[in-house]
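S.K.: Sequence and computational prediction follow.
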Number of protein chains: 2
Amino acid sequence: MKLNRLLIPALLLYAGFQAEASRPGEPIQPIAPPQEINLAKSELGKKLYFDPRLSKSGFISCNSCHNLSMGGTDNLKTSIGHGWAQGPINAPTVLNSSLNIAQFWDGRAADLKEQAGGPIANPSEMGFTHELAISTLEGIPGYVREFELVFGSPAVDIDKVTEAIAEFEKTLVTPNSPFDQWLLGDDDALSAKELAGYELFKLSGCIACHNGPAMGGNSFQKMGLVAPYETENAAEGLAGLTGIDADRFKFKVPTLRNVELTYPYFHDGEAETLAEAVDVMGRLQLGRTFSPEETEQIVAYLKSLTGDQPSFALPILPPSTDQTPRPNPFGN
Amino acid sequence: MKLNRLLIPALLLYAGFQAEASRPGEPIQPIAPPQEINLAKSELGKKLYFDPRLSKSGFISCNSCHNLSMGGTDNLKTSIGHGWAQGPINAPTVLNSSLNIAQFWDGRAADLKEQAGGPIANPSEMGFTHELAISTLEGIPGYVREFELVFGSPAVDIDKVTEAIAEFEKTLVTPNSPFDQWLLGDDDALSAKELAGYELFKLSGCIACHNGPAMGGNSFQKMGLVAPYETENAAEGLAGLTGIDADRFKFKVPTLRNVELTYPYFHDGEAETLAEAVDVMGRLQLGRTFSPEETEQIVAYLKSLTGDQPSFALPILPPSTDQTPRPNPFGN
Ligand code: HEC
Ligand code: HEC
Ligand code: HEC
Ligand code: HEC
Ligand SMILES: [Ca+2]
Ligand SMILES: [Ca+2]
């Protein structure tokens, strides 16, 4: 009896984690809800994520470009940064980014913690320096107390800042999309059209690159495998890091989770609609031209990948005091 | 018996609305919690308030400059607007702005509904036109449905947009500050220093202009009544509207609610600290120079005016579709 009572929840738990059990053999697995979250650290990270005082201007936060009201992106071709600088590349979503093998289109940051230091000090993003960001936080007693609570010491450094932001980003997963409900056994969760789209997605070969729970994010692949991709964007992909010519235009395969929300598409943001992106993928990656009806089915399927968006109260930030360094939006 | 049961809640209700009952005769009344809110309208207004698609760039929302994580302001001397334009005047808080007799420093908008149309079409704020903002919303089916739900017809127009935003702004009141707790009868809610500050605030004459529940917002007064205020800021105050010389430098008295959060101070944002603002007010409005100790007491009192900040889930915005006009951040 006692054994049984313990076993049943354990089995349910197992089913939760390894949720493909309901449809064995599918190449895509449901998104798991956030796990092993240090809540206090994530709450601190949430504040930092929303705090424009991490930027030189006092105006730009992580949420400016990865807006959690809009699928974790800015829905711009390329971002607007400090001084209205035009960014070089389309901003990927932060949703489910904890599932990526590496961060950035070219994977140049190993993980979320390493990534989070980048934009603060990038002159055309937040335009600040780590030193100034840290002095600003040190000048805000509400933060100093919270760093002590979370890390056991009131000292603020960039390592703790990025660790807290990364912890918050771990919570930004989006389970429970209609497709995941279907994967978990609900036959009615997808329409016939969406299912037809999924079949096409598998049979025509999209699944070769867009697989795993995030349907992407787990490999680098050449954009323009079968036919070349033409763009005016200067990004070289992996080649920018390795210098190897064969790595030219190799980008991290983007996640297709919530892809309905992350328009415009591709690293240059040149595809405005999902239909356009699907058409390009078919021709350039697979040498296949879809009929309008086929494209429609795949697009319908892709829209079934929108999961529950992270839901939380807008954070209230601890105020600056007379001692806190002030932002510098217009000066040098 | 039955009468009694009805009477007691009715009396409590009365006490809630006319909360000065506990300390009769005080010139300041507690902030009342939001009342008579049309919830569906306010939810729609909240989305619009957070939606950068009401701007030309797709990047700037009401919340960019009136950040509800930071006391309903941007904490900048003057705001950053479309194309990184430098604003002409300090952005006032939206918190408790429903209590103002009129909106803007010079009162040129009669109420919140009239005000909300301004920034969308202001070239150096959101840089858009009402027509383009409306076509954008019309191209977002999730909004069209919500306008129908709230207004009984799916037609979107600027009148409904500003009405919904104004309804949301009515919820942005901040009851329950330590000072309000004291006003409502809790003797322990203020420290001796804070109480001494309140006495000074009343006795020295601040209360002449900063009174009522918002402690301001209910009259226009000359900045530099006793001695002239020197500033490089070009704003003329009421005179800009009336053309009357006597109205020069007459500004709407700002609310002192949450003033700890709404730094920097004055219409030009030139006072960085509360101590500086209090010192200037004493000398220029009252011809009185406070000792450092007196200033400290008043500042301590002013910090007891920080109330409960509005708390709600970050809204999730309905996505654009293939038909929605796209933002234009860098073009003309
Ligand atoms: C001014 C716009 C802007 C700001 C501000 C910004 N980002 Fe980004 N972010 C981008 C762009 C553009 C990229 C893609 C850059 C690249 O791949 O070379 C990116 C990439 C990322 C990625 C990698 C996602 C992936 O799938 O590879 C993460 C995670 C991320 N940002 C998180 C953050 C955090 C955390 C902050 C704040 C500390 C932040 N960003 C601030 C624009 C911005
Ligand atoms: C050989 C690998 C590969 C195959 C096969 C492939 N993709 Fe992709 N996919 C990529 C890469 C790499 C990108 C990013 C390209 C870029 O941004 O330049 C991408 C981008 C996308 C995007 C845009 C996502 C975004 O957020 O920008 C969509 C949508 C997409 N793929 C769908 C599909 C579909 C549908 C198929 C099948 C018809 C498919 N892909 C086949 C590798 C592949
Ligand atoms: C680019 C910055 C910026 C944006 C965007 C912006 N505002 Fe403002 N807001 C200001 C400034 C600056 C003022 C003061 C202008 C004046 O008084 O002449 C102001 C004034 C106000 C006031 C008057 C408050 C008072 O006490 O007089 C309200 C209410 C307000 N804004 C609400 C909004 C709403 C609603 C939106 C979005 C539709 C919005 N603002 C967008 C900067 C901005
Ligand atoms: C004759 C009217 C008048 C009197 C008396 C007065 N004030 Fe003011 N107060 C104003 C006006 C008008 C402003 C806005 C001035 C400006 O921005 O240029 C203001 C602004 C302020 C501000 C800055 C608020 C903000 O958000 O920018 C503070 C703080 C303040 N007053 C406190 C006080 C104190 C403390 C006293 C008493 C020592 C006092 N005031 C007396 C009219 C008055
Ligand atoms: Ca995108
Ligand atoms: Ca201010």
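M.R.: Good, I have the coordinates. Ligands and ions are numbered 1, 2, ... in the order given.

S.K.: And the closest residue to chain B within chain A, how far from residue A:327?
M.R.: Among all residues of chain A, residue A:84 sits closest to chain B, at 3.9 Å; criterion: CB to the nearest CB. (Each C-beta comes from the backbone N, C-alpha and C, glycine too.) When distance is defined by CB to CB, to the nearest Å, residue A:84 is 16 Å away from residue A:327.

S.K.: Between the two, which is the more surrounded one?
M.R.: Neighbours were counted for residue A:84 and for residue A:327 using other CB atoms under 10 Å in any protein chain shown; residue A:327 has more, 24 against 16.

S.K.: I'd assumed residue A:51 was in contact with the more buried one.
M.R.: No - the criterion here is CB atoms under 8 Å, and residue A:327 misses it with residue A:51 at 11.2 Å.

S.K.: before we move on, back to that, look up the closest residue to the residue of chain A closest to chain B, ignoring the ones flanking it.
M.R.: Ranked by CB to CB, 6 or more residues apart in numbering or on different chains and with sequence neighbours excluded, the top spatial neighbour of residue A:84 is residue B:84, at 3.9 Å.

S.K.: quick one, what contacts the one you found?
M.R.: Remark: with contacts taken as CB atoms under 8 Å, 6 or more residues apart in numbering or on different chains, residue B:84 is in contact with A:83-84, A:329.

S.K.: can you pull out the strands in chain A?
M.R.: Using DSSP state E, the strands assigned to chain A run over residues A:80-81, A:85-86, A:220-222, A:250-252.

S.K.: sorry, back to before: and for residue A:327 and residue A:51, which residues touch both?
M.R.: Shared contacts of residue A:327 and residue A:51 (CB under 8 Å, 6+ apart): none.

S.K.: does ligand 2 sit close to stretch A:214-234?
M.R.: Yes - between stretch A:214-234 and ligand 2, judged by CB under 6 Å from any ligand atom, the touching residues are A:221, A:223, A:225.

S.K.: That stretch vs chain B: in contact?
M.R.: No - applying CB under 8 Å from any CB of the partner chain, one finds stretch A:214-234 separated from chain B by no less than 14.0 Å.

S.K.: Any part of that stretch near ligand 5?
M.R.: No - residues of stretch A:214-234 contacting ligand 5 under CB under 5 Å from the ion: none, with a closest distance of 12.2 Å.

S.K.: re the thing from before, what's the closest of the strands of chain A to residue B:147?
M.R.: Between residue B:147 and the strands of chain A, the tightest spacing by CB to CB is seen for strand A:80-81, at 28.3 Å.

S.K.: chain center to that closest one, what's the gap?
M.R.: When distances are taken as CA atoms, centre = their mean, to the nearest Å, strand A:80-81 is centred 18 Å away from the chain's centroid.

S.K.: now that strand: mean pLDDT?
M.R.: Confidence over strand A:80-81 (mean pLDDT, whole number) is 97.

S.K.: Sheet partners, orientation included, of that strand?
M.R.: Take DSSP bridges as the rule and strand A:80-81 pairs in its sheet with strand A:85-86 (antiparallel).

S.K.: Please list all residues in contact with the closest residue to residue A:250 other than its chain neighbours.
M.R.: With CB to CB, 6+ apart as the criterion, residue A:250 has its nearest non-adjacent residue at 4.0 Å, and that residue is residue A:238. Shown here is residue A:238, whose contacts under the criterion CB under 8 Å, 6+ apart are A:106-107, A:220, A:244, A:247-248, A:250-251.

S.K.: could you redo the last one with a cut-off of 6 Å?
M.R.: A:106, A:220, A:247, A:250 (CB atoms under 6 Å, 6 or more residues apart in numbering or on different chains).

S.K.: quick one: which of those is nearest to ligand 4?
M.R.: Ligand 4 has its nearest neighbour among these in residue A:106, at 46.3 Å by CB to the nearest ligand atom.

S.K.: Could you report the distance from that closest one to residue A:250?
M.R.: In this structure, residue A:106 and residue A:250 are separated by 8 Å, where distance is defined by CB to CB.

S.K.: Ok, residue A:196 next?
M.R.: 31 Å.

S.K.: try residue A:177
M.R.: Applying CB to CB to residue A:177 and residue A:250 gives a distance of 28 Å.

S.K.: The two - which one has more neighbours?
M.R.: More crowded of residue A:177 and residue A:250, by other CB under 10 Å: residue A:250, with 24 against 21.

S.K.: Please name the bridge partners of the more buried one.
M.R.: Here residue A:250 shows beta-bridge partners residue A:222, residue A:237, assigned using DSSP bridges.

S.K.: if I look at it, how far off is residue A:220?
M.R.: From residue A:250 across to residue A:220, the span is 5 Å (CB to CB).

S.K.: likewise residue A:325?
M.R.: Separation of residue A:325 from residue A:220 (CB to CB) stands at 40 Å.

S.K.: Burial check on the residue of the stretch 151-300 of chain A found nearest ligand 1, number of neighbours?
M.R.: The stretch 151-300 of chain A approaches ligand 1 most closely through residue A:165 (4.9 Å), counting by CB to the nearest ligand atom. In terms of burial, residue A:165 registers 26 neighbours under the definition other CB under 10 Å.

S.K.: can you check the one 4 residues further on too?
M.R.: For residue A:169, the neighbour count with other CB under 10 Å is 27.

S.K.: can you check residue A:293 too?
M.R.: Around residue A:293 there are 9 other residues, counting by other CB under 10 Å.

S.K.: Name the residues of the stretch 151-300 of chain A found near ligand 5, please.
M.R.: By the rule CB under 5 Å from the ion, the part of the stretch 151-300 of chain A lying against ligand 5 is residue A:262.

S.K.: dump the residue contacts of the closest residue to ligand 6 within the stretch 151-300 of chain A.
M.R.: Scanning the stretch 151-300 of chain A for proximity to ligand 6 using CB to the ion identifies residue A:156 as nearest, at 26.2 Å. If a contact means CB under 6 Å, 6+ apart, then residue A:156 has A:134, A:137-138, A:147 as its contacts.

S.K.: let's see it at 7 Å
M.R.: For residue A:156, the contact set (CB atoms under 7 Å, 6 or more residues apart in numbering or on different chains) comprises A:134, A:137-138, A:143-144, A:147.

S.K.: repeat for residue A:60
M.R.: If a contact means CB under 7 Å, 6+ apart, then residue A:60 has A:52, A:81-82, A:126 as its contacts.

S.K.: try residue A:45
M.R.: Applying CB under 7 Å, 6+ apart as the definition, the contact partners of residue A:45 turn out to be A:164-168.

S.K.: pLDDT below threshold where in chain A?
M.R.: Residue ranges of chain A with pLDDT under 70: A:1-21.

S.K.: rerun that using 90 as the cut-off
M.R.: Applying pLDDT under 90 to chain A flags the ranges A:1-25, A:331-332.
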